[in-house]
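[1] here is a sequence with its predicted model. Questions after.
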Amino acid sequence: MSNPELGTSGKQQGMFGVSGTGDVSGYGGLVRRRPALVASPKPYGGYFDEVTDALEEAYPEFADAIEMVVVDRGELTLHIKPARIAEVCQVLRDHEALRFEMCSSVSGVDYLGSADDPRRLHAVYHLTSMTYRRRIRLECSVTAENPHLPSVTQVYPTADWQERETFDMFGIVFDGHPALTRILMPDDWEGFPQRKDYPLGGVPVEYKGGAEIPPPDQRRAYK
């Protein structure tokens, strides 16, 4: 099974090209722990085995659609092939043994600088089962050159504005979304502000009494 991640080897690159931890507070004690993005062996523990077993039974394409199962820091993450995300969500929502009725979040991550896989852009979905009081994460990765995923709005209507925000900030295109337009930036804005190769800039902030805070690219040490 392939490992689609993402910064587990090679030199890491932080937001806007910052090196090291990115801690500019002067304390210097910030330690960034790399996620354990390797497939976890069974048994996973807790209800994670029940969820994955039920999904495997309910979804015959499980072995082809699920790239990797990761249990890290008390969370279960299913890494899904991009083309399969909507149908996996449908099964997770509707099957009586799963009942993940709510998608509470869709967000993005940019793993710029990964030497392991060119699919640097990730969409992350947090699902909640109100019936069984359970939570899981789904994750899909795409390239910046072809950042397309099927929309899950037909399964989870709450994903409508969440996919729009992820599109606006990261440029991930959710095919089939009813109105995939920017939600934070102006419609004619160029670029995607939360990609790590987006240029850092800003304007100075002025306060009463003459104090002034320079823009981020002038007050922090970036490459």
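    Received, thanks.

[2] can we go C-alpha only for contacts and neighbour counts from here?
    Noted.

[3] which stretches in the chain count as helices?
    Assigned helices in the chain, in chain order: 48-58, 62-65, 85-94, 159-170, 216-219 (criterion: DSSP state H).

[4] tell me the most buried of those?
    Most buried of the helices of the chain, by mean neighbour count (mean count of other C-alpha atoms under 10 Å): helix 159-170, with a mean of 22.

[5] so which residues make contact with it?
    Defining contact as C-alpha atoms under 8 Å, 6 or more residues apart in numbering, one finds that helix 159-170 is touched by 103-110, 121, 123, 151-153, 172-174, 177-178, 180-185, 192-195.

[6] residues near P150, how many?
    16 (other C-alpha atoms under 10 Å).

[7] make 62 the first number, not 1, from now on.
    Renumbered: residue one is now 62, and that last one reads P211.

[8] beta-bridge partners for it, please?
    D236 (DSSP bridges).

[9] how about the CA coordinates for stretch 215-228, as CSV?
    Taking C-alpha atoms only, stretch 215-228 is exported to CSV below (Å, rounded to 0.1, in the frame of the first residue of the first chain):
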residue,chain,number,x,y,z
GLN,A,215,-24.9,16.0,-2.2
VAL,A,216,-24.2,13.9,0.8
TYR,A,217,-23.5,16.6,3.4
PRO,A,218,-25.1,20.0,2.6
THR,A,219,-23.1,21.6,5.4
ALA,A,220,-20.0,21.1,3.2
ASP,A,221,-21.3,23.8,0.8
TRP,A,222,-19.6,26.9,2.3
GLN,A,223,-16.7,24.7,3.8
GLU,A,224,-15.7,23.6,0.3
ARG,A,225,-16.0,27.1,-0.9
GLU,A,226,-13.6,28.3,1.8
THR,A,227,-11.1,25.5,1.0
PHE,A,228,-11.3,26.4,-2.7
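
[10] okay, now the unreliable bits of the chain?
    The model of the chain has pLDDT under 70 over residues 62-97, 175-177, 280-284.

[11] and Y108, how many residues sit next to it?
    13.

[12] contacting residues around it?
    The contact partners of Y108, taken as C-alpha under 8 Å, 6+ apart, are R195.

[13] please report how far it lies from M246.
    40 Å (C-alpha to C-alpha, to the nearest Å).

[14] before we move on, what about A115?
    From A115 across to M246, the span is 41 Å (C-alpha to C-alpha).

[15] same question for Y172.
    22 Å.

[16] these two - which one has more neighbours?
    The neighbour count for Y172 versus M246, taken as other C-alpha under 10 Å, is higher for Y172 (22 against 15).

[17] nearest residue to that one other than its sequence neighbours?
    Distances taken as C-alpha to C-alpha, 6 or more residues apart in numbering place R181 nearest to Y172, at 4.7 Å, with adjacent residues excluded.

[18] L173 is in contact with the one you found, correct?
    Yes: R181 is within contact range of L173, at 5.7 Å (criterion: C-alpha atoms under 8 Å).

[19] quick one, strands of this protein?
    Here the chain has its strands, by DSSP state E, at 127-133, 136-141, 163-171, 182-190, 195-203, 209-211, 234-236, 266-267, 273-274.

[20] which neighbouring elements make contact with the fourth one?
    So the one you mean is strand 182-190. strand 163-171, strand 195-203 (3 or more C-alpha pairs under 8 Å, 6 or more residues apart in numbering; DSSP states H and E).
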